[in-house]
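**Student:** task: produce atomic coordinates for the following.
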Amino acid sequence: MQDKLFIDGQWVSPLLGGMLDVIDPATEKVFHHIPAATSADVDLAVKAARRAFDEGVWPRYTGAQRARFLRAIAEKVREKKDFLARLEVRDNGKPLPEAAWDMDDVAGCFDFYADLAEERDSNPEEAIPLGDVRFDSKVVREPLGVVGAITPWNYPLLMVAWKVAPALAAGCTMVLKPSELCSLTTLELGVIAEDVGLPSGVLNILTGLGVDAGQPITEHPLVDKLAFTGSVATGRKVMISGAQDIKNVSLELGGKSPFVVFADSDIDQAVEWIMFGIFWNQGQVCSATSRVLIEQSVYDRVLARLVEETKKITIGNGLADGTLLGPIVSNGQYDKILAAIARGKAEGATVATGGKRPDGLDSGYFLEPTILTDMGEDAWVWKEEIFGPVVCVKPFRDEADAIRMANDSKYGLAAAVMSKDRARAERVARAFRAGIVWINCSQPTFTDAPWGGYKQSGIGRELGRWGFENYLEVKQITGFSSDAPWGWYIK
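**Tutor:** Numbering: from 1, shown residues only. The predicted structure is shown next:
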């Protein structure tokens, strides 16, 4: 396991020498340390990325040349899949099968953007027909420059891949800061980058606290673009910092996503997808469908089945066979979730199941999967993101009522609808004010499709070709191609 920073192709200690504890959330024990970068380290990394972009080969390579590196990274991830998955479980707490799935997605993401980089070679420019035949015009897309990326702890290496793969495919260079809560697999990406011979300075990895390492990245004048995934509060700070130099900014932020279940739905399927929508990754998912709206006529039946199945979920160390719900990522996050449940109860919510530490698990940040009911539409737990295995459930009267309740939120990341009436499901899906909508499912995510939200859930889109375009500048090149003189000043 790495314990140094990756700057300009070298593993180096932080200039001030600070280190941070790495704690296994299943045991609450320190098992490693990571370097705590500061603004001085950030400056070195940004300048390395700047040189690599302004003077290096990376932005001048063809897409096919860059694609070879991305595919090599993907292959290394597959070779090290078991090691990386187990490392992420110890760092993050998620069950091992989830972490293994994430590693497959990481590799697939690098392969996907390798393909797009190659495709760019075959279509490097776009002709623009003009009304004036004396001129010819075209659009070319060029790498944006130096990217400062800050990634979250809930999908440590996968969220990194969502930014690194398209940015590198486009020809950008990057300074990357993962969350201090889960940095280990991101540091291992530096090892992989070194192994495949990625040119120095193209990818720089700094671990550390947000105030010490993240903020200096957002404020550095040599950074051209900021790409952030995390909370709305921090995203607001990133946007303010980026505004000082008018940086290009993309934000993927929080959500309080609704899941609407109509009475004609298969109850077992509805319960399965509700559970997947909120208990996967301990509910620590920005798109988690944490507000469930059930049609009044089947509300009691669906809720009873949901409570029954939720009580069966196996809770434990993510490395243990059969675990379906691991510990919360950190003590701080654990306390926040418990406080949110307490606030919900104080506002009148009923705990249908869960809400406490499981019996027999006296250490580790373990929490029973929790279902809250009977809260008002203005209750804090109904309105605000909890980011844990806590789902709020309410009934609705009819389609119009469901749409109104679903859209009554400052967030707009995701939404889901379940119904055997596909026409109604499509109609409701289009009525949702959200960037990602699922029909008869919740949470499946594909690299090919765009990811991002409306309202306070963010700006811009990741994944698919949209994620690639995030890291490209559009340039117009127009020429005067007529032999006739312009004749404005000189007749």
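**Student:** name the element the residue positioned nearest the centre of the chain belongs to?
**Tutor:** Among the residues of the chain, the one closest to the centroid is M159, at 4.7 Å (Cα atoms, centre = their mean). Per DSSP states H and E, M159 falls inside helix 156-170.
**Student:** ok now that helix, how far from the chain's centre?
**Tutor:** From the chain centre to the centre of helix 156-170 is a distance of 10 Å (Cα atoms, centre = their mean, to the nearest Å).
**Student:** check stretch 411-422 too.
**Tutor:** Per Cα atoms, centre = their mean, the centroid offset for stretch 411-422 relative to its chain is 20 Å.
**Student:** buried set for it?
**Tutor:** Using 16 or more other Cβ atoms under 10 Å as the test for burial, stretch 411-422 gives 411-419. Just so you know, the C-beta spots here come from the backbone N, C-alpha and C atoms, and that holds for glycine as well.
**Student:** distance between stretch 7-27 and the chain's centre?
**Tutor:** Taking Cα atoms, centre = their mean, one finds the center of stretch 7-27 at 22 Å from the center of the full chain.
**Student:** so the residue nearest to the centre of the chain is in contact with G230, correct?
**Tutor:** No - using Cβ atoms under 8 Å as the test, M159 is too far from G230 to be in contact (9.3 Å).
**Student:** buried sites along the longest helix seen in the chain?
**Tutor:** The single longest helix within the chain, with elements called by DSSP state H, is helix 96-122. Judged by neighbour count (16+ other Cβ under 10 Å), helix 96-122 contains these buried residues: 96, 98-100, 102-103, 105-114, 116-118, 120.
**Student:** got phi/psi on C182?
**Tutor:** phi -150, psi 90 (degrees, to the nearest 10).
**Student:** that older thread, pLDDT value on the closest residue to the residue nearest to the centre of the chain other than its chain neighbours, please?
**Tutor:** Nearest residue to M159 in three dimensions, chain neighbours excluded: T151, at 4.5 Å (Cβ to Cβ, 6 or more residues apart in numbering). Among the per-residue scores, T151 shows a pLDDT of 98.
**Student:** separation between T151 and D115?
**Tutor:** Separation of T151 from D115 (Cβ to Cβ, to the nearest Å): 23 Å.
**Student:** thinking again about what came up before, closest one to S287 out of the buried residues of stretch 411-422, please.
**Tutor:** Nearest to S287 out of the buried residues of stretch 411-422 is A414 (Cβ to Cβ; 4.0 Å).
**Student:** quick one: contacts for that closest one?
**Tutor:** 255, 257, 287, 289, 434-438, 453 (Cβ atoms under 8 Å, 6 or more residues apart in numbering).
**Student:** do E125 as well
**Tutor:** Shown in contact with E125 (Cβ under 8 Å, 6+ apart): 138-140.
**Student:** if we can go back for a sec, for the helix holding M159, packing partners?
**Tutor:** Applying 3 or more Cβ pairs under 8 Å, 6 or more residues apart in numbering; DSSP states H and E, one finds that helix 156-170 contacts helix 63-79, helix 81-92, helix 96-122, strand 146-150, strand 173-177, helix 184-195, strand 225-229, helix 464-469.
**Student:** for the last one, name the packing helices and strands.
**Tutor:** For helix 464-469, the contact count by 3+ Cβ pairs under 8 Å, 6+ apart identifies helix 96-122, helix 156-170 as packing neighbours.
**Student:** let's have the ones you listed in a markdown table, adding distance to I459.
**Tutor:** Shown next, in a markdown table, are the helices and strands packed on helix 464-469 (distance: least, Cβ to Cβ, whole Å):
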| stretch | distance to I459 |
| --- | --- |
| helix 96-122 | 21 |
| helix 156-170 | 14 |
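**Student:** pLDDT value on P124, please?
**Tutor:** We have a pLDDT of 89 for P124.
**Student:** quick check: phi and psi at it.
**Tutor:** Dihedral angles of P124 (phi, psi; degrees, to the nearest 10) stand at phi -70, psi -20.
**Student:** for the residue nearest to it when sequence neighbours are not counted, grab the count of nearby residues.
**Tutor:** Nearest residue to P124, sequence neighbours excluded (Cβ to Cβ, 6+ apart): V140, at 6.6 Å. Other residues within reach of V140, judged by other Cβ atoms under 10 Å, total 13.
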